[in-house]
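J.: Fold the following, please.
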Amino acid sequence: MHYEGKIYRPWPEANSLLIQTTIGCTNNKCTFCDMFREKKFSIRELEDVFQDIEEARRMYPRVESIFLIDGNVLVVKTDFLLQVLEKTKETFPENKRIALYGGLNDFERKSVEELKQLNQAGLTMAYAGLESGDPLVLERIKKGMTVEQALAGMEKAKAAGIEMLLSFIFGLGGKEGSREHIVETTRLLNLMQPEEIAPMALTIQPGTELEREVEAGEFILPTPLQILEEEKYLLENLSFPTMYWGDHGNNIVPMCGRLPETQQLFLEKIEHTIATHPVTKEETLQTFAW
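T.: A predicted model of the protein is given here:
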């Protein structure tokens, strides 16, 4: 198996076989992210990807979940992805699911027919960073995506039968924009209704543009209480069934379960934490780098 640079995968994919299909991220400008800073985006040679798949077959007697990395794998041409998916299907007939990183604006750029072909070839889920539903926040963090593109991308994913997990970040609006950030993010999620969501508390990654903004006083970090209040607002106002992956290591109250079944329980946990936890008296949340 060959991997280039630092390798990332979502925490729900901890048990998946990782196949590096692209190197880096086409945007690679988000102010809060350093995942692919040292990489220039490129698409691996198809034969090299095939060799890794074959090597993995020799290494692992059973593979039931595969995740394609690096960044937004969905950006590559559909024919290329179809060949990768077909190869994995042939090589791992016991496999039950294939997922990848794919930006919502990457979905928006493909036709529904192309996406249906990918789904029929085995692509079951895509992970996309929504980050925020606030247009001002999206612009400030240099996401390279608009709210309209996010909505269009989700519409195409649903039409193609590809499930989506959307991640977003509590606190990304900063101290002053906390309320607008969570209100607009919740509103957008209720419109999009992704099958799974993964909220996580903001952490400042070393060497990022956001770290420089914090040090310069251009971005004022939200307090832990504001982050908890954002999660409280989210749980009070989400109005669709989804899987809630709120158990990221930086979250103050790690929680994981299906909504709406666990929604009231999660809300009560947040309210109890707000009322009793000493972290609410602190000015900044102590987090660790990804």
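J.: three-state assignment of I19?
T.: strand (DSSP: H, G, I helix; E, B strand; the rest coil).
J.: distance of it from H2?
T.: As for I19, its distance to H2 is 10 Å (criterion: C-beta to C-beta, to the nearest Å). The way it works is simple: take the backbone N, C-alpha and C, and place the C-beta from them, glycine included.
J.: what do those two both touch?
T.: Common neighbours of I19 and H2 (criterion: C-beta atoms under 8 Å, 6 or more residues apart in numbering): D52.
J.: Please identify which of those two sits among more neighbours.
T.: More neighbours sit around I19 than around the other of I19 and H2, counting by other C-beta atoms under 10 Å; the figures are 23 against 10.
J.: I'd assumed V63 was in contact with the more buried one.
T.: No: here I19 lies out of contact with V63, judged by C-beta atoms under 8 Å, at a distance of 10.2 Å.
J.: which residues are common contacts for the two?
T.: In terms of C-beta under 8 Å, 6+ apart, I19 and V63 are both contacted by the residues A56.
J.: Distance-wise, check N251 relative to L189.
T.: For N251, the distance to L189 under the criterion C-beta to C-beta works out to 17 Å.
J.: what distance separates the start and the end of stretch 97-115?
T.: By C-alpha to C-alpha, to the nearest Å, the extent of stretch 97-115 from end to end equals 16 Å.
J.: in it, what's buried?
T.: The neighbour-count criterion (16 or more other C-beta atoms under 10 Å) identifies 98-108, 110, 114-115 as the buried residues of stretch 97-115.
J.: Also stretch 268-287?
T.: Residues of stretch 268-287 classed as buried under the neighbour-count rule (16+ other C-beta under 10 Å) are 269-270, 273-274, 279-280, 285, 287.
J.: same deal with stretch 242-260?
T.: By neighbour count, and taking 16+ other C-beta under 10 Å as the criterion, the buried residues in stretch 242-260 are 242-248, 250-253, 255, 259.
J.: Could you export those residues as TSV, including pLDDT and secondary structure?
T.: Formatted as TSV, the entries for the buried residues of stretch 242-260 read as follows, by pLDDT from 0 to 100; DSSP: H, G, I helix; E, B strand; the rest coil:
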residue	pLDDT	secondary structure
T242	98	strand
M243	98	strand
Y244	98	strand
W245	97	strand
G246	97	strand
D247	95	coil
H248	92	coil
N250	92	coil
N251	95	coil
I252	96	coil
V253	97	coil
M255	97	strand
L259	98	strand
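J.: Now render those as a markdown table, adding distance to K6.
T.: Formatted as a markdown table, the buried residues of stretch 242-260 follow (distance: C-beta to C-beta, whole Å):
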| residue | distance to K6 |
| --- | --- |
| T242 | 30 |
| M243 | 27 |
| Y244 | 28 |
| W245 | 22 |
| G246 | 25 |
| D247 | 22 |
| H248 | 18 |
| N250 | 18 |
| N251 | 22 |
| I252 | 26 |
| V253 | 28 |
| M255 | 28 |
| L259 | 32 |
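J.: how about the residue nearest to Y3 when sequence neighbours are not counted, what does it touch?
T.: Taking C-beta to C-beta, 6 or more residues apart in numbering, and ignoring the residues beside it in sequence, Y3 has Q20 as its nearest neighbour in space, at 5.3 Å. Under the criterion of C-beta under 8 Å, 6+ apart, the contact list for Q20 reads 2-4, 7, 44, 49, 52, 68-70.
J.: just the helices in this structure please.
T.: Under the criterion DSSP state H, the chain carries helices at the ranges 46-59, 78-91, 104-109, 112-120, 135-140, 147-160, 178-192, 209-215, 224-237, 263-276.
J.: highest average neighbour count across the ones you listed?
T.: With neighbours defined by mean count of other C-beta atoms under 10 Å, none of the helices of the chain is more surrounded on average than helix 104-109, at a mean of 22.
J.: Which secondary structure elements does that one sit against?
T.: Under the contact criterion of 3 or more C-beta pairs under 8 Å, 6 or more residues apart in numbering; DSSP states H and E, helix 104-109 touches strand 123-131, helix 147-160.
J.: could you dump those to TSV with mean pLDDT?
T.: Output for the helices and strands packed on helix 104-109, formatted as TSV (pLDDT from 0 to 100):
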stretch	mean pLDDT
strand 123-131	97
helix 147-160	97
